[in-house]
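Peer 1: Sequence unavailable; structure follows:
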């Protein structure tokens, strides 16, 4: 079973790549971002990703 992991800056380029990798590895990801530069992490919403609003 995967771990629960918090990713700060998850909507950015690197954060979204990290989220994808962790989710594919079976971890539960909580994403935190102010969404200033985009919303890439919202793509992963259906894959055990919890998105916290800014």
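Peer 2: Looks like it arrived, so ask away. Fair warning: this is a prediction, and the values are worked out from it, not measured in the lab.
Peer 1: what about residue 32, how many neighbours?
Peer 2: Counted with other Cβ atoms under 10 Å, residues neighbouring residue 32 total 17. C-betas here are computed from N, CA, C, even on glycine.
Peer 1: Please read the previous query as pertaining to residue 5.
Peer 2: Quick note: residue 5 (other Cβ under 10 Å) scores 15 neighbours.
Peer 1: Quickly note the distance from it to residue 32.
Peer 2: 11 Å (Cβ to Cβ, to the nearest Å).
Peer 1: Kindly report the same for residue 24.
Peer 2: The gap separating residue 24 from residue 32 is 20 Å, by Cβ to Cβ.
Peer 1: in which helix or strand would I find residue 6?
Peer 2: In this structure, residue 6 sits in strand 4-8 according to DSSP states H and E.
Peer 1: Now do the buried residues in that strand.
Peer 2: Applying a neighbour-count criterion of 16 or more other Cβ atoms under 10 Å, one finds residue 7 buried in strand 4-8.
Peer 1: for this structure, what spans make up the strands?
Peer 2: For the chain, applying DSSP state E gives strands covering 4-8, 28-32, 49-52.
Peer 1: Ok, which of the ones you listed comes nearest residue 17?
Peer 2: When these are compared by Cβ to Cβ, strand 4-8 sits nearest residue 17, at 10.3 Å.
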